[in-house]
Each structure stands twice: as C-alpha cells, then as structure tokens.
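**Q** Mind looking at a prediction? Sequence and model below.
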Amino acid sequence: MSTHIEAKNGEIAATVLLPGDPMRARWIAENFLDHATCYNNVRGMLGYTGTYKGKQVSVQGTGMGIPSALIYCHELINDYGVKNLIRLGTAGSYQKDIKIRDIVIALAASTTSGINKQHFQNAQYAPTANVDLFLKACLYAKNNNIPVKAGNVLSTDEFYEEDPDSYKKWANYGVLCVEMETAGIYSIAAKYHVKALAILTISDSLVTGERTTADEREMTFKKMVEIALGTI
Ligand code: HPA
C-alpha cells in the first residue's frame, strides 16, 4: 500500500477516473463498471476497480483542491504505475455563453495556486491536457452528439474568493470556468510523463448566479462519464 491508498500491487488499472467526491467514485463504479471492487477506504477516499467493455478501469476520489488531488495522483502514478488520469469534476462558469449543465473539456489550466511557482520560480509553466486524450474526448463527444466546449480553465485554491468580481479579469482573457484541481493534475502528469485530461460540468455560473440541482448534476455527470469511458 501507499501512504493514502491501501490497494495491493496490481489492484489499480492503468487508467483512473478522478472525481473529487468519493461518493461519486462509488456511484460511477456501481453504475458504469462491471465487477467493481473497492480497493481503498483510507480517510473514506473511496477507490474502485472494475471493467468497462472488458477493459480494466479504476475510479478514485481525490478530495477538493490541488494539494489533495496531488497526493492521490502522486501515489497512483509512482506507487501503482497509473498512466492515464481523467478528472471528472464540476466548475463555475466565467462566460455568458457557458451555461449551467454545459460540459467543458480543459485544453489548458491557468491557476492562482502556488504549486508551480515553487517549481519554476520566476517563470510560469503552462499546464495543458494530453493532446491524445483531448482529441479522443472531443471526437467521441462529436460522434455521439454530446455538445462540449473546450478551452482554458482556471484552477483556484479558494472556492470563496476575496473579490467576487475577480473572475472578470480571467473572463476577459477567454478563461471558460473555474474549478480547483486541473492545473495540479496536468502539471504532475507532465512531470511523470503520463497522460491527463479534465472533463468538467458547469454546476454554477458566476455570471448569472444560477446553480444546478442535485438531479441535474447527476444527469450531466452521466454524460461526462460516458465521454471519459468512450475516450479510453
Ligand atoms: N469555484 C471553484 N470551484 C468550483 C466552483 C466555483 O465557483 N464551482 C464548482 N467548482
């Protein structure tokens, strides 16, 4: 086992879906995977491995925010040999034409987090999606008539921002939405030469103040899981 995951060697697949919420990990395992078994319950951060169309897939909760997500990604990559990380999360819209329930595929992730400042000091690293996973996800969505938007997203360290208007600056530069993990996941994937992609559903809008209901979130979550499983 690793520090935060109690799976034995070989119990985690090369491809792992990464919802923030561990209860979503259980929901994905129960609703989309065959023969799913739970391999992790340390800190309640549930992880399951099962099969999809005969192929082994795992799903692991990451918790909220870059520091928590990096713990799980680090151990998945370095202790369990994981090669493909696909985040499935929610985000807040920064643009008028990105509506609640829309799906956004993160081409790149800007960030207010300090993670890469420590690594690159006076320079700025640009965390991006793996191009192979990105193209496959866009193509799957197109072929299956699932509308998606793609572009730059923002990964913040604070859900409750000091300045409620701070999003406007990012919106002016074309950033589509805000969440709290992708820049970290793209950076650690690049560092260890594995592939990563984030697929996000818009749960709320900073532009209009609208929010999705729990039922709506479940519906759009289904579409995201479908794109992720279609991608792999
Ligand atoms: N901010 C940060 N993360 C989020 C948000 C938000 O408004 N909505 C969903 N995830």
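**A** Received, thanks. Given the structure is predicted, the values throughout are model-derived calculations rather than measurements.
**Q** Show me what the closest residue to the ligand within the chain bridges to in the sheet.
**A** Closest residue of the chain to the ligand, C-beta to the nearest ligand atom: Gly92 (2.6 Å). Bear in mind the C-beta positions are built from the backbone N, C-alpha and C, glycine included. Beta bridges link Gly92 to Val178, Asp204, judged by DSSP bridges.
**Q** Would you agree it is in contact with Ile202?
**A** Yes. The pair Gly92 and Ile202 qualifies as a contact (C-beta atoms under 8 Å) at a distance of 7.3 Å.
**Q** Only alpha carbons, please: show the helix or strand harbouring Leu88 as CSV.
**A** Assigned by DSSP states H and E, Leu88 falls within strand 84-93. What follows is strand 84-93, C-alpha atoms only, in CSV (Å, rounded to 0.1, in the frame of the first residue of the first chain):
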residue,chain,number,x,y,z
ASN,A,84,-3.9,7.9,-17.7
LEU,A,85,-5.6,10.3,-15.3
ILE,A,86,-9.1,11.6,-16.2
ARG,A,87,-10.6,14.1,-13.9
LEU,A,88,-14.4,14.3,-13.8
GLY,A,89,-15.4,17.4,-11.9
THR,A,90,-17.7,20.4,-11.6
ALA,A,91,-16.9,24.0,-12.4
GLY,A,92,-18.3,27.5,-12.1
SER,A,93,-18.9,29.4,-15.4
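**Q** which other helices and strands contact it?
**A** For strand 84-93, the elements it packs on are strand 15-19, helix 66-80, strand 177-179, helix 182-191, strand 195-205, helix 214-231, judged by 3 or more C-beta pairs under 8 Å, 6 or more residues apart in numbering; DSSP states H and E.
**Q** Dump these into CSV; add mean pLDDT, distance to Trp27 and mean neighbour count as well.
**A** Below are the helices and strands packed on strand 84-93 laid out as CSV (pLDDT from 0 to 100; distance: least, C-beta to C-beta, whole Å; neighbours: other C-beta atoms under 10 Å):
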stretch, mean pLDDT, distance to Trp27, mean neighbour count
strand 15-19, 98, 8, 26
helix 66-80, 98, 18, 20
strand 177-179, 98, 19, 27
helix 182-191, 98, 20, 24
strand 195-205, 97, 14, 25
helix 214-231, 90, 8, 18
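**Q** Could you tell me which residues of this protein lie near the ligand?
**A** Neighbours of the ligand within the chain, by C-beta under 6 Å from any ligand atom: 90-92, 156, 159, 178-180, 203-204.
**Q** so how far is the helix or strand containing Ala109 from its chain's centroid?
**A** According to DSSP H and E, Ala109 maps onto strand 103-111. In terms of C-alpha atoms, centre = their mean, to the nearest Å, the centre of strand 103-111 is found 9 Å from the chain centre.
**Q** cool, stretch 175-193 as well?
**A** On C-alpha atoms, centre = their mean, the centre of stretch 175-193 falls 8 Å from that of its chain.
**Q** Span of it from start to end?
**A** Stretch 175-193 has an end-to-end distance of 26 Å (C-alpha to C-alpha, to the nearest Å).
**Q** Who are the contact partners of Asn40?
**A** 5-7, 46-47, 60 (C-beta atoms under 8 Å, 6 or more residues apart in numbering).
**Q** could you redo the last one with a cut-off of 6 Å?
**A** 5-7, 47 (C-beta atoms under 6 Å, 6 or more residues apart in numbering).
**Q** Ser68 now?
**A** Contacts of Ser68 (C-beta under 6 Å, 6+ apart): Thr62.
**Q** Note down every partner strand of the helix or strand hosting Thr37 and its orientation.
**A** Using DSSP H and E, the element containing Thr37 is strand 34-40. Here strand 34-40 is paired, per DSSP bridges, with strand 47-52 (antiparallel).
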